[in-house]
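1. Below: sequence and its predicted model.
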Amino acid sequence: MAIAADQPIRWGIISTGGIASAFTGDLARLPDAMAVAVGSRSQASADAFGDRFGIERRYPSYEELVQDPDVDAVYVATPHPGHHDAAMLAINAGKAVLVEKPFTINAGETRELIAAAQAGGTFLMEAMWTRFLPHVVAIREIIATGRLGEIRSVLADHGQWFPMDPDHRIYAPILGGGALLDLGIYPLSFASMIFGTPIKVTAVSDEAFTGVDAQTAVICQYTGGRQSVSFTTLETKTANQASINGIEARIEIDGVFYSPTSFSVIDRDGTVERHDVPHEGHGLRHQAAEVGRCLRAGLTESPVLTLAETLSIMETLDEIRSQIGLRYPSE
């Protein structure tokens, strides 16, 4: 589905929770995109969301939302176990689809979505918004120059404190809760951006009181003796920093590394080069801009975050869950 350069991308929003609100609010900062429809499991929720963001079309089901002929792209923001079915509805309706991370609950579901999108020739992308932030784009550009020399390791952590509330979704097994899928995917995806698919994964974890993972540490090994260390927790607010370590120099990303922030390039002799990257708004709009760029170019996936890489990340998450014994009721 190619869209003319002068035509705005018209978005339909599936689900009305916090991340859907953040995305829709930030989307308003793009001059060539707009939210035109919202779908929820109830009319009241769709109406409230529509009132908040000035969206006229409000649907009490996802099925009705994806059938709207004036929607070009659909953003799937349901709880994790709902990603597969909601995205499949949109794919089957011929819509471009941006699916919140984690892309699905497991790699098997990811393969099904990819196969359906490729069979239908529809655009599909994981909503790993960090990949498209200005400071991360700048970091990739610096790496491409060879400034760091051979990169040997990547270190990243993502920890947030959550009260021990059995009703909170992050503690709910039925909603795909736990630190790994909600938080750990950020450092793991970041390592994937630098090194690709690991050849060996080693994970250790401790359970929360509901059986989901509370803290998980992962060492990934790659060809050539390269390594990444990813740590995630829902018990403490950590530094949320990341570093990319090369033989000639390293990049240290300020907290919070996965959100709009700044970074330093530090040479082996200790010379520091600061990169302060100005930014307004939340940052979720950049992934929407990438969807628009791809649609106008007639692409069915993003070269910045390919479907093959998304599948690889999901396979790594599956391996981690296998090692720490984390399964979900929906599987």
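-> Good, I have the coordinates.

2. For residue 279, give me its contacts.
-> 133, 134, 135, 260 (Cβ atoms under 8 Å, 6 or more residues apart in numbering). From N, CA and C alone the C-beta is placed, and that goes for glycine too.

3. Backbone dihedrals for the nearest residue to the third one once chain neighbours are set aside, both of them.
-> Spelled out, that is residue 135. Nearest non-adjacent residue to residue 135, counting by Cβ to Cβ, 6 or more residues apart in numbering: residue 277, 4.3 Å away. Main-chain torsions, residue 277, degrees, to the nearest 10: phi -110, psi 100.

4. Equivalent analysis for the one 3 residues further on, please.
-> Main-chain torsions, residue 280, degrees, to the nearest 10: phi -120, psi 150.

5. tell me the contacts of the residue lying closest to it once chain neighbours are set aside?
-> Spatial nearest neighbour of residue 280, excluding adjacent residues (Cβ to Cβ, 6+ apart): residue 29 at 7.4 Å. Residues counted as contacts of residue 29 (Cβ under 8 Å, 6+ apart) are 280, 281, 285.

6. can you pull out the strands in the chain?
-> Assigned by DSSP state E, the chain shows strands spanning 9-14, 33-39, 57-59, 73-76, 96-100, 124-127, 151-159, 200-207, 213-222, 226-233, 242-246, 249-253, 263-267, 272-275.

7. Reformat these as TSV; add mean pLDDT.
-> Shown next, in TSV, are the strands of the chain (pLDDT from 0 to 100):
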stretch	mean pLDDT
strand 9-14	98
strand 33-39	98
strand 57-59	98
strand 73-76	98
strand 96-100	98
strand 124-127	98
strand 151-159	98
strand 200-207	98
strand 213-222	98
strand 226-233	98
strand 242-246	98
strand 249-253	98
strand 263-267	98
strand 272-275	98
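
8. Out of those, which is closest to residue 301?
-> strand 124-127 (6.3 Å; Cβ to Cβ).

9. Can I get the closest one as PDB, trimmed to CA atoms?
-> This file holds the C-alpha atoms of strand 124-127, laid out as PDB (Å, rounded to 0.1, in the frame of the first residue of the first chain):
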ATOM      1  CA  LEU A 124       4.000  -4.600   9.500                       C
ATOM      2  CA  MET A 125       6.400  -3.300  12.200                       C
ATOM      3  CA  GLU A 126       7.200  -3.700  15.900                       C
ATOM      4  CA  ALA A 127       6.700  -0.500  17.900                       C
END
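
10. re the thing from before, ChimeraX command for the buried members of the contacts of residue 279?
-> In ChimeraX, a selection of the buried entries from these looks like this (16 or more other Cβ atoms under 10 Å):
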select :133,135,260
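
11. Tell me how many other residues crowd residue 330.
-> Counted with other Cβ atoms under 10 Å, the neighbours of residue 330 add up to 15.

12. What of residue 170?
-> 20.

13. Repeat that for residue 289.
-> Around residue 289 there are 17 residues (other Cβ under 10 Å).

14. Please, where are all the helices along the stretch 1-150 of the chain?
-> 18-27, 43-53, 62-66, 83-92, 107-120, 134-144 (DSSP state H, counting those that start in this stretch).

15. Relative to residue 238, which of the ones you listed is closest?
-> For the helices of the stretch 1-150 of the chain, proximity to residue 238 was assessed by Cβ to Cβ; helix 134-144 is nearest, at 19.1 Å.

16. Same question for that closest one: list its buried residues.
-> 135, 136, 139, 142, 143.

17. now what about it, what contacts it?
-> 130, 148, 151, 193-194, 244, 251, 253, 260-263, 265, 275, 277, 279, 286.

18. what angle sits between it and strand 263-267?
-> With axes from the mean of the first three to the mean of the last three Cα atoms, to 10 degrees as the basis, helix 134-144 and strand 263-267 are set at 20 degrees to each other.

19. Work out the gap between helix 134-144 and the centre of the chain.
-> 18 Å (Cα atoms, centre = their mean, to the nearest Å).

20. any idea of the angle that helix forms with strand 249-253?
-> Angle of helix 134-144 versus strand 249-253, following the same axes, to 10 degrees, is 170 degrees.

21. mind giving me the domain ranges of the protein?
-> 9-128+284-300, 134-278+314-324 (automatic domain parsing).

22. highest average neighbour count across those domains?
-> domain 9-128+284-300 (a mean of 20; mean count of other Cβ atoms under 10 Å).

23. first vs last residue of that domain, how far apart are they?
-> For domain 9-128+284-300, the separation between the terminal residues is 15 Å (Cα to Cα, to the nearest Å).

24. oh, and call the first residue 39 from now on, that's how I've got it
-> Right, with 39 as the first residue, what we last looked at is domain 47-166+322-338.

25. among the helices of the stretch 39-188 of the chain, which is nearest residue 273?
-> Of the helices of the stretch 39-188 of the chain, nearest to residue 273 by Cβ to Cβ is helix 56-65, at 20.6 Å.

26. helices or strands next to that closest one in the packing?
-> Secondary-structure packing of helix 56-65 (3 or more Cβ pairs under 8 Å, 6 or more residues apart in numbering; DSSP states H and E): strand 47-52, strand 71-77, helix 81-91, helix 323-334.
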